[in-house]
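Participant: here is the input, now give the coordinates:
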Amino acid sequence: MPYSKEELKELPFYQNLVDGDEQAYLQNREVIKMKMAISGSAYDGSLISRDEDGTILLFEDPYTGKLYEDETTELYVSRVVDRLKDDDSINQTIDRTFREM
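Facilitator: Just a heads-up that it's a prediction; the model follows:
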């Protein structure tokens, strides 16, 4: 039979497994923080951390489950929008004349 959650809390090998996973998680976060700090300037969001599949990684405290409030949980979104030219060159591409049907 499988162990219950209460029984797992008492097993040393399971606790060692959990502690190892937590330490690996925290080390991964520290490595990413060091990569962000290498430039020596303020973090501008250009180094978004992603996994092999391209999923954005956000880190939370493994003991409390709350997100850290630092550069590892900040996402920056560019609000720059390309504008169309102000001249009439678009009219050469799009036929804007209306006809009756």
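
Participant: Leu58 and Leu67, how far apart?
Facilitator: Here Leu58 is placed at a distance of 7 Å from Leu67 (Cβ to Cβ, to the nearest Å). Using the backbone N, CA and C atoms, a C-beta is placed for each residue, glycine as well.

Participant: what's the overlap in contacts for the two?
Facilitator: Thr73 (Cβ atoms under 8 Å, 6 or more residues apart in numbering).

Participant: what ranges in this structure fall below the confidence cut-off?
Facilitator: The chain contains residues with pLDDT under 70 at 1, 39-47, 72, 84-86.

Participant: quick check: longest helix in it by residues?
Facilitator: helix 12-37 (DSSP state H).

Participant: now the element after that one, going C-ward?
Facilitator: helix 90-93 (DSSP states H and E).

Participant: check the offset of that next one from the chain's centre.
Facilitator: Computed by Cα atoms, centre = their mean, to the nearest Å, the chain-centroid distance of helix 90-93 equals 40 Å.

Participant: repeat for stretch 23-38
Facilitator: In terms of Cα atoms, centre = their mean, the centre of stretch 23-38 is set 13 Å apart from its chain centre.

Participant: ok, stretch 68-87 next?
Facilitator: Taking the mean of its C-alpha atoms, stretch 68-87 sits 15 Å from the chain's own mean (Cα atoms, centre = their mean).

Participant: likewise stretch 79-92?
Facilitator: 33 Å.

Participant: before we move on, what about stretch 15-30?
Facilitator: 19 Å.

Participant: report the buried residues of it.
Facilitator: Neighbour-count burial for stretch 15-30 flags Arg29 (criterion: 16 or more other Cβ atoms under 10 Å).

Participant: what's that stretch in contact with?
Facilitator: Outside stretch 15-30, the residues that reach it (Cβ under 8 Å, 6+ apart) are Lys9, Phe59, Pro62, Tyr63, Tyr68, Thr72.
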